[in-house]
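> using only what follows, build the 3D model:
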Amino acid sequence: MLTRNAFAYLNARVRSRRSQMVPESFFQQALGRPFPEFVRLLSETVYSPDLLGDTLDDVDRAVSNHLARTVGDLPTLVSGEMRELVSLPLLRADLINLKAILRGKQSGKAPEEIKAGLVGGTLKEPILNAMLQAPDAASMAQVLQLPGHPLAKALRNALIGNPEPLALEVALDREFFAATFKKAKRLRQNFIAAFYALEADITNLSTAFKLQALGVVNLNLDNYFVPGGKHLSRAVFGRIAAGDLAALEVLNGTPLAPVVGVRTLGELERICRRVLLAKASTGATDSLGGGLVLDYIQRKLWEGARIRLLARRAYYNLPADVVAKEVA
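The predicted structure follows:
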């Protein structure tokens with residue numbers, strides 16, 4: 001049961017952890033540093049206990065272990081309906097990782113390159129590594145045979161009919177959002193429902209841009225639209241997918257107004273990431289709901305993703321401006 005006392009206990013733990021986030025100054029200092037200097041800077045942060053060496057693999061392990069200690073353990077601090085609520089953003093992170101691996105394999109990326117873009121979640125590093133090495137989606141579903149984890153069933157269901165890659169990703173999203181909206185309603189968590197409704201809108205925007213770039217015709221767009229969003233209608237989704245980017249203007253006056261005028265998928269994803277983080281941050285005042293823990297998890301996952309990106313920039317000695325936009 002979601003009681004006042006249960007939220008008070010959990011949110012007190014979360015507030016303590018929020019006070020130990022890596023400061024913004026670290027990311028500004030680390031952006032242009034060589035790899036040994038980057039590792040030294042990281043060793044001076046809260047990641048220090050998890051950083052046991054000075055290689056790129058050591059940095060990856062430090063991020064994974066740190067997120068497991070500070071985020072992945074949150075469901076174990078509570079039980080029952082509270083555990084269901086806390087697990088939602090972590091399951092979303094698992095799904096984002098699963099889709100990133102599927103997409104990376106499809107585009108011929110090396111496992112190391114795919115791994116650089118993964119965020120935290122409930123899946124342990126050996127499972128992620130096994131999925132990275134799996135030859136195809138069906139093999140990944142076999143790797144995901146974990147007791148009680150919903151992604152294996154979702155992936156098996158999504159693979160029915162051997163859909164093309166984008167349709168497979170949308171099928172996974174539809175399963176996740178349908179289950180999430182149902183759970184948020186049952187748990188009477190209005191802020192959580194509103195956050196994921198915004199993310200459903202953003203997922204549809206991203207899909208529409210991908211369809212527009214692919215230039216596909218004669219598709220049943222209903223199969224590519226995730227229900228549950230608030231600001232992007234099915235009709236506007238169809239106009240954007242058909243290349244009518246002026247349709248984005250209907251988003252003026254909504255939380256998605258910053259995407260009006262965007263013309264590339266990369267720019268859309270960077271802006272939408274900031275929109276979602278801003279939405280999550282408003283949950284910090286949700287002291288008797290799941291908003292505070294949702295905000296904390298979103299911020300920590302973004303923190304870990306930024307560290308992984310900066311580590312690779314430093315390790316491969318890439319120009320700072322290559323990743324500056326991605327970590328801003």
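> tell me the contacts of the closest residue in space to Lys230 that isn't next to it in sequence?
Among residues not flanking Lys230 along the chain, Ala197 sits closest, at 4.8 Å (C-beta to C-beta, 6 or more residues apart in numbering). (Each C-beta comes from the backbone N, C-alpha and C, glycine too.) Applying C-beta atoms under 8 Å, 6 or more residues apart in numbering, one finds that Ala197 lies in contact with 181, 228-230.
> okay, now the unreliable bits of the chain?
1 (pLDDT under 70).
> the strands in the stretch 51-200 of the chain, which residues?
Here the stretch 51-200 of the chain has no strands by DSSP state E, counting those that start in this stretch.
> can you show me the helices along it?
Remark: helices assigned in the stretch 51-200 of the chain by DSSP state H, counting those that start in this stretch are 56-67, 80-106, 111-115, 125-133, 137-143, 150-158, 165-186, 190-214.
> so what does the fifth one touch, helix or strand wise?
This points to helix 137-143. helix 80-106, helix 125-133, helix 150-158 (3 or more C-beta pairs under 8 Å, 6 or more residues apart in numbering; DSSP states H and E).
> where does Thr45 land in three-state SS?
coil (DSSP: H, G, I helix; E, B strand; the rest coil).
> likewise Leu318?
Under three-state DSSP, Leu318 comes out as coil.
> so who does it touch?
If you count contacts by C-beta under 8 Å, 6+ apart, then Leu318 has Arg312 around it.
> export the helix or strand containing Ala278 to PDB, keeping only CA atoms.
Assigned by DSSP states H and E, Ala278 falls within helix 265-281. Extracted in PDB, the C-alpha atoms of helix 265-281 (Å, rounded to 0.1, in the frame of the first residue of the first chain):
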ATOM      1  CA  LEU A 265      16.200  13.700 -35.500                       C
ATOM      2  CA  GLY A 266      19.400  14.500 -33.500                       C
ATOM      3  CA  GLU A 267      18.200  17.900 -32.600                       C
ATOM      4  CA  LEU A 268      14.800  16.600 -31.700                       C
ATOM      5  CA  GLU A 269      16.300  14.000 -29.400                       C
ATOM      6  CA  ARG A 270      18.500  16.500 -27.600                       C
ATOM      7  CA  ILE A 271      15.700  19.000 -27.000                       C
ATOM      8  CA  CYS A 272      13.200  16.200 -25.900                       C
ATOM      9  CA  ARG A 273      15.800  14.900 -23.400                       C
ATOM     10  CA  ARG A 274      15.900  18.300 -21.800                       C
ATOM     11  CA  VAL A 275      12.100  18.600 -21.800                       C
ATOM     12  CA  LEU A 276      11.700  15.200 -20.000                       C
ATOM     13  CA  LEU A 277      14.400  16.100 -17.400                       C
ATOM     14  CA  ALA A 278      12.600  19.400 -16.800                       C
ATOM     15  CA  LYS A 279       9.300  17.600 -16.400                       C
ATOM     16  CA  ALA A 280      10.800  15.100 -14.000                       C
ATOM     17  CA  SER A 281      12.400  17.900 -12.000                       C
END
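> what helices and strands are in contact with it?
Helix 265-281 packs on helix 190-214, helix 291-315, going by 3+ C-beta pairs under 8 Å, 6+ apart.
> gap between it and the chain center?
11 Å (C-alpha atoms, centre = their mean, to the nearest Å).
> in that helix, which residues are buried?
Residues 268-269, 271-273, 275-276, 279-280 are the ones in helix 265-281 that count as buried (16 or more other C-beta atoms under 10 Å).
> just the helices and strands packed on helix 137-143: most buried one?
Mean neighbour count (mean count of other C-beta atoms under 10 Å) peaks for helix 80-106 among those, with a mean of 20.
> return the distance of that helix from the chain's centre.
Distance, centroid of helix 80-106 to centroid of chain: 7 Å (C-alpha atoms, centre = their mean).
> got the angle for it vs helix 265-281?
Interaxial angle, helix 80-106 versus helix 265-281 (axes from the mean of the first three to the mean of the last three C-alpha atoms, to 10 degrees): 170 degrees.
> what's the angle from helix 80-106 to helix 291-315?
30 degrees.
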